[in-house]
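J.: Here is my input, please return the structure:
(one chain, ligands or ions: 1)
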Amino acid sequence: MIIIGSDHGGFELKNQLKSYLEAKGETVDDCGVFNEQSVDYPDVANIVCSKFFTTQADFAVLVCGTGIGVSIAANKIKGIRAALLCNNYSAQMAREHNNANVICFGGRTTAFEQAAQMLDVFMSSEFKGDRHQTRVDKISNIEG
Ligand code: RB5
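T.: Presented below is the predicted three-dimensional model:
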């Protein structure tokens with residue numbers, strides 16, 4: 001299962017990515033928003049990340065205008081490794097090196113086709129472990 005959510009700035013891209021994932025046969029839990037009324041992106045990040053932990057989903061997708069706000073907010077939550085994706089290479093590395101459990105997109109900066117490609121790359125990549133596990137463990141140590 002994949003958790004997804006956005007603020008108003010990411011509303012359209014979030015809906016497009018949700019449909020795309022469902023068409024691929026994925027189960028998607030949409031945490032909203034469900035209209036373009038202005039909301040605060042930290043609230044969305046909090047809801048989506050909480051759902052990610054309680055459902056033990058595969059990963060979560062967060063979308064705001066730039067993807068920056070939701071990624072900053074999500075990375076404040078212990079256990080979350082949120083990566084703002086900007087191209088296919090970063091999508092691959094987010095999984096292979098960083099073992100990201102949340103991926104973020106900018107609804108006002110990234111076209112749906114690009115985001116869908118990055119999503120595909122992320123989903124078909126695997127965490128490489130080994131020295132990358134050591135580095136991810138060091139991130140956990142920073143969290144305390
Ligand atoms: C909302 O206008 C905008 O600030 C938000 O979607 C996001 O881009 C913040 O980083």
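J.: In the protein, which helix is the longest?
T.: Counting by DSSP state H, the longest helix found in the chain is helix 41-55.
J.: Residue 69 belongs to a strand, doesn't it?
T.: No. Secondary structure of residue 69 (DSSP: H, G, I helix; E, B strand; the rest coil): helix, not part of a strand.
J.: gap between the residue nearest to it when sequence neighbours are not counted and residue 144?
T.: Nearest-residue entry for residue 69: residue 41, 4.1 Å, with adjacent residues in sequence omitted and distances by Cβ to Cβ, 6 or more residues apart in numbering. Quick note: C-beta positions are derived from backbone N, CA and C, even for glycine. Using Cβ to Cβ, to the nearest Å, we find residue 41 at a distance of 25 Å from residue 144.
J.: Just want to know which of those two has more residues nearby.
T.: Counted by other Cβ atoms under 10 Å, residue 41 and residue 144 do not tie: residue 41 has more neighbours, with 26 against 5.
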